[in-house]
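Q: Predicted model follows, preceded by the sequence.
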Amino acid sequence: MPKIADIEGTPNKNALKFILKEPLTWGIARSYDNAESAKDDPLASALFDIDHVTNVFYIDHWITVTQDGNANWQDLAREIADPIRAAPAASAQSAETVAAANGALANLSPEDQLRLEKINVLLNEEVRPYLQHDGGDLHILALEGNILRIHYQGACGTCPSSISGTLRGIENMLKTLEPDIQVVAV
């Protein structure tokens, strides 16, 4: 059962990031935009059962919960803490599970796989640490020609700056690798 080590605000005033002492997953991100999408995840389902919760995102040692803006964070954080503490800590996950999570991009040509690897290195070094610090992340959905489709997760998913400034910053950074690349948030 994960213990909460700290609670941090995020740039998105409607999201809080809970830092945990034990991991919930081993490298597999779980992102849910509504209760229906979370029906097979006991932790996310329990969080969506709490009034005002609109988004749940977690990976490894942290979880970000977003609310609709109509609740007092002090009261809501106490309610949210109970399901988090009741959740099982991560057990070792097989390589199969990790591979399945990344399967959507497995059908790329060898050239595009190499491009994607370089893109991911840059994102892992220069972008994801900042997004994760703020309670979010991004997931690459597709690489089609010069268009990279991404999906923001957690606090980034509903943050106004993610669609404007952050997206332009990511695109400009990736243009150092590929001058013609366009980044589209989906």
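A: Sure thing, it's come through. Numbering: from 1, shown residues only.
Q: pull the CA atoms of stretch 65-74 into CSV?
A: Extracted as CSV, the C-alpha positions of stretch 65-74 are listed here (Å, rounded to 0.1, in the frame of the first residue of the first chain):
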residue,chain,number,x,y,z
VAL,A,65,-5.5,14.0,-10.0
THR,A,66,-7.4,16.8,-11.7
GLN,A,67,-10.7,18.2,-10.5
ASP,A,68,-13.4,20.3,-12.2
GLY,A,69,-12.5,23.5,-10.3
ASN,A,70,-15.6,23.4,-8.1
ALA,A,71,-14.0,21.7,-5.0
ASN,A,72,-11.8,23.0,-2.2
TRP,A,73,-8.4,21.2,-2.7
GLN,A,74,-7.8,20.8,1.1
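Q: what mean pLDDT does it have?
A: With pLDDT averaged residue by residue, stretch 65-74 scores 96.
Q: for stretch 171-180, same thing?
A: 94.
Q: where does the chain have its least confident helix or strand?
A: helix 95-101 (a mean of 47; mean pLDDT, DSSP states H and E).
Q: helix or strand right after it?
A: helix 110-126 (DSSP states H and E).
Q: Identify all contacting residues around that following helix.
A: L105, L108, L138, I140, L143, L148, I170, M173, L174, T176, L177, E178 (CB atoms under 8 Å, 6 or more residues apart in numbering). Bear in mind the C-beta positions are built from the backbone N, C-alpha and C, glycine included.
Q: ok, 10 Å please
A: Contacting residues not belonging to helix 110-126 are listed as 105-109, 128-129, 131, 137-138, 140, 142-146, 148, 150, 169-170, 173-174, 176-178, 181, 183 [CB atoms under 10 Å, 6 or more residues apart in numbering].
Q: List the buried residues in that helix.
A: R115, L116, I119, L123 (16 or more other CB atoms under 10 Å).
Q: For that helix, list the C-alpha coordinates in PDB.
A: This file holds the C-alpha atoms of helix 110-126, laid out as PDB (Å, rounded to 0.1, in the frame of the first residue of the first chain):
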ATOM      1  CA  PRO A 110      13.100   0.800 -39.600                       C
ATOM      2  CA  GLU A 111      13.900   4.300 -40.600                       C
ATOM      3  CA  ASP A 112      11.000   5.700 -38.700                       C
ATOM      4  CA  GLN A 113      11.900   3.600 -35.700                       C
ATOM      5  CA  LEU A 114      15.300   5.200 -35.700                       C
ATOM      6  CA  ARG A 115      13.700   8.700 -36.000                       C
ATOM      7  CA  LEU A 116      11.400   7.900 -33.100                       C
ATOM      8  CA  GLU A 117      14.200   6.700 -30.900                       C
ATOM      9  CA  LYS A 118      16.100  10.000 -31.500                       C
ATOM     10  CA  ILE A 119      12.900  11.900 -30.800                       C
ATOM     11  CA  ASN A 120      12.300  10.000 -27.600                       C
ATOM     12  CA  VAL A 121      15.900  10.500 -26.400                       C
ATOM     13  CA  LEU A 122      15.400  14.300 -26.700                       C
ATOM     14  CA  LEU A 123      12.000  14.200 -25.100                       C
ATOM     15  CA  ASN A 124      13.200  12.000 -22.200                       C
ATOM     16  CA  GLU A 125      16.200  14.300 -21.600                       C
ATOM     17  CA  GLU A 126      14.700  17.700 -22.200                       C
END
